[in-house]
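Asks: 3D model of this:
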Amino acid sequence: MKNNQEKTIFAKKNLKKLYSKTDLDFSFPSFCQKIKETFNGSFLISYGEYPPQVRCFDLENLSLKFERHLDSSIQNFQIISEDWQKLLFLRNDRHLEFHTKGGFHYKTKILTQGVDLLFNSKNNTVYIPSSKDEIFRLDLKEGRFLNSLRNDSSYRNTCGKNSFFGNILAFGNSGGIVNFWDPRIIQKSIFKIEGFKFLKKIGTKKKINCIRFDEKNEFDCFIGFENGEVILFDIRSNFPLIAKEMENSLPVISIRVDQSGKKILIANSNQIQIWEKKTGKTTKCFDSKFQINHLCKIKNSGFFFLAMQKPKIEGKFLEEMGSVPSWISNLELGSKKNKLENKRKSYRSKKLIKK
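Replies: Next up is the predicted model:
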């Protein structure tokens, strides 16, 4: 009996650690679709609806810096500067829209609808996998489109970049294959991983939904599939280190690695799981009442934001995933000030009665 009580108390403590909600007032009129942290770690860029709009939040001051409305909904966006001043949006009407410090700057049209967006800062080039077999390339320095990359008949779905090397780009397709490219070689990919061969559910959907490189170990690449399976590869090998599936078989939407590089944070539309990277063992699993659209983990910390099918952006801190961001102290200080001010107001509203 005592052991059961101890387990219950332990579970409640763990639950409290994950869902330690903050007092952040980051929100959209209807819902938030995507969230990304700027490279300098000072701002949060987010896209939501309705109507289609982008909002920039200042993390140091915990406030809304600006909001801009867009003419079309978007597929994805990229931050192409250290801070918020240069943004690129892949719209659903086949347009690329550029924003600078003053707002809208320029837009250009692509031949077929893009399905994802990748910015490589090493060569200042944007890569746009399309709904066909082309990967469009836009050189931002020269301001022109380059020859497209072509590989196989399966259309592209998602892409990723090895931040450590900067010269390895990964493009996953609907056939369960990831092709790796060297940006200096445009004739063909340098190698590929046939991830579909290692799926546990034979005959199921093979579409690759997300690709993520491990920043702590530059050779490790995570591949998330539409059927809920995740495969971890060392790109120097054709055989996976881990092959595992999430419980509810929903498409994997986000994969992040913790500060130490030992744990993995994986999300689908209604669940977040934490795995041991070495063994693939699930250490925690949490269900969400609202549909999860995207997960953004703050660099070098255990704090992450959730874009969900509701107006408010949720901010969570999980101690085992990393340390506390520097701006959290501002949040706690602000909360204490608000409580003190509310207490003062309540005293002011009271009347002193003399007998």
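Asks: correct me, but residue 149 touches residue 186?
Replies: Yes - between residue 149 and residue 186 there is a contact at 6.0 Å, judged by CB atoms under 8 Å. Backbone N, C-alpha and C define where each C-beta goes, glycine included.
Asks: the more surrounded of these two?
Replies: residue 149 (23 against 14; other CB atoms under 10 Å).
Asks: Enumerate the beta-bridge partners assigned to that one.
Replies: Counting by DSSP bridges, residue 149 is bridged to residue 135.
Asks: all strands for the stretch 101-250 of the chain, in order.
Replies: 103-109, 118-120, 125-129, 134-139, 144-150, 156-161, 169-173, 177-181, 191-194, 208-213, 220-225, 229-234, 240-245 (DSSP state E, counting those that start in this stretch).
Asks: what do you get for the stretch 251-355 of the chain?
Replies: Using DSSP E, counting those that start in this stretch, strands in the stretch 251-355 of the chain cover 254-257, 263-268, 271-276, 282-287, 292-297, 303-308, 314-317.
Asks: for residue 171, what are its contacts?
Replies: 127, 129, 135, 149, 151, 156, 158-159, 178-179, 181 (CB atoms under 8 Å, 6 or more residues apart in numbering).
Asks: So, low pLDDT: which residues of this structure?
Replies: Along the chain, segments meeting pLDDT under 70 span 1-24, 151-156, 163-166, 202-204, 329-355.
Asks: Next, residue 29: secondary structure please.
Replies: coil (DSSP: H, G, I helix; E, B strand; the rest coil).
Asks: And it, how far from residue 44?
Replies: In this view, residue 29 and residue 44 are 17 Å apart by CB to CB, to the nearest Å.
Asks: about what we covered before: can I get the strands of the stretch 251-355 of the chain in a markdown table with mean neighbour count?
Replies: A markdown table is the format used below for those (neighbours: other CB atoms under 10 Å):
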| stretch | mean neighbour count |
| --- | --- |
| strand 254-257 | 22 |
| strand 263-268 | 23 |
| strand 271-276 | 19 |
| strand 282-287 | 14 |
| strand 292-297 | 21 |
| strand 303-308 | 23 |
| strand 314-317 | 20 |
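Asks: Turn those into JSON lines, including distance to residue 85.
Replies: Shown next, in JSON lines, are the strands of the stretch 251-355 of the chain (distance: least, CB to CB, whole Å):
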{"stretch": "strand 254-257", "distance to residue 85": "25"}
{"stretch": "strand 263-268", "distance to residue 85": "29"}
{"stretch": "strand 271-276", "distance to residue 85": "32"}
{"stretch": "strand 282-287", "distance to residue 85": "36"}
{"stretch": "strand 292-297", "distance to residue 85": "19"}
{"stretch": "strand 303-308", "distance to residue 85": "21"}
{"stretch": "strand 314-317", "distance to residue 85": "24"}
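Asks: Quick one: closest of those strands to residue 69.
Replies: Of all the strands of the stretch 251-355 of the chain, strand 303-308 sits nearest to residue 69, with 18.0 Å by CB to CB.
Asks: Give me the sheet partners of that closest one and which way each runs.
Replies: strand 292-297 (antiparallel), strand 314-317 (antiparallel).
Asks: Of the ones you listed, which is nearest residue 237?
Replies: strand 292-297 (26.4 Å).
Asks: Residue 168: what's it in contact with?
Replies: Counted by CB under 8 Å, 6+ apart, residue 168 has contacts 161-162, 180-182, 235.
Asks: Check residue 30 too.
Replies: 48-50, 311 are the contacts of residue 30 under CB under 8 Å, 6+ apart.
Asks: and which of those is nearest to residue 82?
Replies: residue 48 (23.5 Å).
Asks: Residue 102 versus the closest one, what's the distance?
Replies: 22 Å.
Asks: okay, those two: which has more neighbours?
Replies: Ranked by neighbour count (other CB under 10 Å), residue 48 and residue 102 place residue 48 first, with 23 against 7.
Asks: Excluding residues flanking it in the chain, which one is nearest the more buried one?
Replies: Ranked by CB to CB, 6 or more residues apart in numbering and with sequence neighbours excluded, the top spatial neighbour of residue 48 is residue 28, at 3.4 Å.
Asks: now swap in residue 147 and tell me
Replies: residue 186 (6.0 Å).
Asks: give me phi/psi at that neighbour?
Replies: Phi and psi for residue 186, reported as degrees, to the nearest 10, are phi -110, psi -10.
Asks: just residue 110 next, same as before
Replies: The phi/psi pair for residue 110 (degrees, to the nearest 10) is phi -110, psi 160.
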